[in-house]
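S.K.: I would like to see how this sequence folds:
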Amino acid sequence: MNGKKQDNNREKHLHLARDLAREKLKAMESADICKRTGSTIRQNEAGATAISTEYLGKPLRIVLPDMTLSYDDEEWMERGGPVSLREEIFILHYLISAQGTPPSGNAVLFRDMDGGMAYDSIFRARSVDRFVRAFRDREDLLADTAGIFGGVPGEMGNVSVRLRVLPYAELIFVLWKGDEEILSSGNIFFDDSISGILPTEDCVVMTETVVSRFIQVLGRNVG
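M.R.: Numbering: from 1, shown residues only. Sure thing, here's the model as predicted:
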């Protein structure tokens, strides 16, 4: 019973966070949102106007004036499932927070970000450790898996990819192959422009979500 109550409370908090983000966006100028976030204004055949942005290589629409999320369900089922409420929240936060700074190409560790040290153990458990376990001894599958989401080869470690999660938010996934004496290892870096893109707490959720999608696709392709 307590577990169910906790789940209900968590769901209520998530819906409240989404509603608050929508209200903040409603008070902003659409043209300014697009300018800061690398998004565009689009109108569909029915005449509805929306902010169109890219998430993991696919278009998402935030329909005006209610700021509701719209996307093609079938496309996302092939990428690990529909866009979740937690994803919707950090996408809305991105539209609120991003300051128009494109990726610089310079990598930074999560713990070195503003407030990152306080969340580092959570970040590693939810993202880095799961990522490394999923690709251990099959590091060569990383490029193909990330490529489904628009990832491109990187230059770090033995295998790495750069992934544009949102137009100005980029992650770098890195693996180092092990041998008979040393286990393979890895890490997840952010482009150092992230400080002007998303709050640190949203970075934790964003990275965890991407890793979960990688694992879903990897399991389907090697199962």
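S.K.: Now do the SS call for residue 46.
M.R.: Classification of residue 46 using DSSP: H, G, I helix; E, B strand; the rest coil returns coil.
S.K.: domain assignment for this structure?
M.R.: 2-97, 107-222 (automatic domain parsing).
S.K.: Any buried residues in stretch 142-153, and which?
M.R.: Neighbour counts using 16 or more other C-beta atoms under 10 Å place 142, 143, 145, 146, 148, 149, 150, 151 of stretch 142-153 among the buried residues. C-beta coordinates here come from the backbone N, C-alpha and C atoms, glycine included.
S.K.: quick check: longest helix of this protein.
M.R.: helix 2-26 (DSSP state H).
S.K.: and after that one, which helix or strand comes next?
M.R.: Downstream of helix 2-26, the first helix or strand assigned by DSSP states H and E is helix 30-37.
S.K.: just to revisit the earlier point, go through the domains of the chain and pick out the most buried.
M.R.: Neighbour counts (mean count of other C-beta atoms under 10 Å) averaged over each of the domains of the chain peak at domain 107-222, with a mean of 18.
S.K.: Lowest average confidence across helices and strands of this structure, where is it?
M.R.: One helix or strand of the chain scores below all others by mean pLDDT, DSSP states H and E: helix 73-77, with a mean of 84.
S.K.: what about dumping the CA coordinates of it to PDB?
M.R.: C-alpha atoms of helix 73-77 as PDB (Å, rounded to 0.1, in the frame of the first residue of the first chain):
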ATOM      1  CA  ASP A  73       3.900   7.100 -31.500                       C
ATOM      2  CA  GLU A  74       5.000   4.500 -34.000                       C
ATOM      3  CA  GLU A  75       8.400   6.100 -34.700                       C
ATOM      4  CA  TRP A  76       9.200   6.000 -30.900                       C
ATOM      5  CA  MET A  77       8.200   2.400 -30.400                       C
END
